[in-house]
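In: return a 3D structure for these sequence lines:
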Amino acid sequence: MSLINTATILSTGEVVPVAPTAVKLTHFDAASYTDGVQLTWDSGYEINNLGYHLYRERNGKRTRVTPSLVAGSALTVGQGNHLTAGYSYSWFDPQGTADTFYYLEAIDLNGEREIKRANIS
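Out: Modelled structure (predicted):
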């Protein structure tokens, strides 16, 4: 796994640095299989996290994988509640391949966004 600094992805595909959200990721892994890629991530801490979007990048083109937001702590345990033990998430991308990069975008209730990148293993 390889993590990068926090950033947001603009509609143009440009990655712009931003302030971190109230999410502390403990890991973000992507494992390639013959029928796609399994993505897993754990938060060690969350508060007011609206949720996540996953993006796939192949040949320089970035595409959102999740059709809608993957619910975070604000939607699962309520606004203002702390998930101090974190939470485990997963997503399977049937269009993923071993030459794919993945980005995980955490979005909080204030609209702050944080991006992490993982390489396929």
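In: so L50 touches E112, yeah?
Out: No: look at L50 against E112 with C-beta atoms under 8 Å: they stay out of range, at 9.6 Å. Glycine gets a C-beta too; all of them are placed from N, C-alpha and C.
In: shared neighbours, those two?
Out: Here L50 and E112 have no joint contacts, going by C-beta atoms under 8 Å, 6 or more residues apart in numbering.
In: in the sheet, which residues pair with A106? Tell me.
Out: Note on A106: beta-bridge partners by DSSP bridges are Y52, E114.
In: any idea which helix or strand in the chain has the lowest mean pLDDT?
Out: In the chain, no helix or strand scores lower on mean pLDDT, DSSP states H and E than strand 15-16, which sits at a mean of 52.
In: after it, next one along is what?
Out: Note on strand 15-16: by DSSP states H and E, the next helix or strand toward the C-terminus is strand 23-33.
In: so which elements touch that following strand?
Out: strand 36-47, strand 101-108, strand 113-119 (3 or more C-beta pairs under 8 Å, 6 or more residues apart in numbering; DSSP states H and E).
In: let's have these in a markdown table, adding mean neighbour count.
Out: As requested, the helices and strands packed on strand 23-33 are exported to a markdown table (neighbours: other C-beta atoms under 10 Å):
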| stretch | mean neighbour count |
| --- | --- |
| strand 36-47 | 19 |
| strand 101-108 | 22 |
| strand 113-119 | 21 |
